[in-house]
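Asks: give the three-dimensional model of this entry:
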Amino acid sequence: MLTRDAILNKVDTQIVIVKVPEWGGDVRVRGMTGEERDAFEGSIVTVKDGKSTVDTKNIRAKLIAHCVVDEKSDPMFSLEDIPALGKKSAAALQRIFDIASKLCGLTEGEVEKIVKNLPPIQSEGSTSD
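Replies: So this is what the prediction gives:
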């Protein structure tokens, strides 16, 4: 059986190197700790009139800010970087988001629930009612 010390001293977050040709190189993507995952989930849930909803604005950038790390495994981005990250290539963000989701234990079903809540995209000149 595992001991308390064995559990608390175990480094249990995995790091994967992801190629990002849009950015001209590679990034390190680390799975989140429980504390980081709670902060991420808290950042995508809004409560209004006692009702919780998923706020998907910059969801990919938010996850990436928690998961892309430097060579010391420290986050490369701060929460203040999220708006700028959100303006980067959607293909690059999605590639990193997919890997980060797997490393963080976000199941396909959970990610699908988040994606289902994305608002419909309308182009300029749309004549939607």
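Asks: hey, let's count contacts and neighbours off CA atoms from now on
Replies: Noted.
Asks: residues of the longest helix seen in the chain that come out buried?
Replies: Longest helix in the chain by number of residues (criterion: DSSP state H): helix 90-103. Neighbour-count burial for helix 90-103, counted by 16 or more other Cα atoms under 10 Å, picks out L93, I96, F97, D98, I99, A100, S101, L103.
Asks: which one of those residues sits closest to V45?
Replies: S101 (17.0 Å; Cα to Cα).
Asks: and the pLDDT for that closest one?
Replies: Looking at S101, its pLDDT reads 93.
Asks: re earlier: closest to A84 among the buried residues of helix 90-103?
Replies: Lowest distance from A84 to those (Cα to Cα) belongs to L93, with 11.8 Å.
Asks: wait, that closest one sits on K62?
Replies: No: using Cα atoms under 8 Å, L93 is not in contact with K62, being 10.3 Å away.
Asks: now the strands for the chain?
Replies: 15-20, 25-30, 45-48, 51-54, 68-69 (DSSP state E).
Asks: packing partners of the fourth one?
Replies: Under the contact criterion of 3 or more Cα pairs under 8 Å, 6 or more residues apart in numbering; DSSP states H and E, strand 51-54 touches strand 45-48.
Asks: repeat the analysis, applying 10 Å as the threshold.
Replies: Counting contacts by 3 or more Cα pairs under 10 Å, 6 or more residues apart in numbering; DSSP states H and E, strand 51-54 is packed against helix 34-44, strand 45-48, helix 108-116.
Asks: could you dump the strands of the chain into JSON lines with mean neighbour count added?
Replies: Below are those laid out as JSON lines (neighbours: other Cα atoms under 10 Å):
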{"stretch": "strand 15-20", "mean neighbour count": "16"}
{"stretch": "strand 25-30", "mean neighbour count": "18"}
{"stretch": "strand 45-48", "mean neighbour count": "11"}
{"stretch": "strand 51-54", "mean neighbour count": "12"}
{"stretch": "strand 68-69", "mean neighbour count": "22"}
